[in-house]
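Asks: this one's sequence-less:
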């Protein structure tokens with residue numbers, strides 16, 4: 001079993017930055033592809049960014065490309081989402097996901113609120 005705990009969310013003004021962290025426990029995340037998703041009120045959960053198990057490949061939603069950066073530190077069993085130039089439409093609960101085929105885990109989410 002993998003437990004994921006997100007942190008780093010909060011209230012920030014438009015144009016500001018935040019860094020989200022996703023700390024894993026129970027098992028090493030080094031063999032998992034990791035992703036960040038977000039869910040705004042009344043909307044479905046959407047893909048934001050992903051990073052391969054090796055860190056060699058990254059993927060981004062068009063809406064965040066050039067503003068967000070996903071990274072991982074396998075020694076710390078942690079994945080990060082660096083968010084710059086935040087916009088009010090980035091307001092959502094952000095969830096961390098660990099995926100290894102049939103193994104799929106989610107964190108409880110962290111709230112990000114961007115004020116205009």
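Replies: Sure thing, it's come through. Just so you know, these numbers come straight off a predicted model, no measurement behind them. Numbering: from 1, shown residues only.
Asks: For the protein, which helix or strand comes out least confident on mean pLDDT?
Replies: Least confident helix or strand of the chain, by mean pLDDT, DSSP states H and E, is strand 103-106 with a mean of 94.
Asks: helices or strands up against the helix or strand following it?
Replies: As assigned by DSSP states H and E, the chain's next helix or strand after strand 103-106 is strand 110-115. With contacts taken as 3 or more C-beta pairs under 8 Å, 6 or more residues apart in numbering; DSSP states H and E, strand 110-115 sits against strand 10-13, strand 18-25, strand 92-100. Where you see a C-beta, it was placed from the backbone N, CA and C, and this is true even at glycine.
Asks: Which of those sits closest to residue 46?
Replies: Closest of the helices and strands packed on strand 110-115 to residue 46 is strand 92-100, at 8.1 Å (criterion: C-beta to C-beta).
Asks: For that closest one, give the mean pLDDT please.
Replies: Strand 92-100 carries an average pLDDT of 97.
Asks: Remind me what that strand packs against, helices and strands.
Replies: Right, strand 92-100 is packed against strand 3-7, strand 18-25, strand 33-39, strand 103-106, strand 110-115 by 3+ C-beta pairs under 8 Å, 6+ apart.
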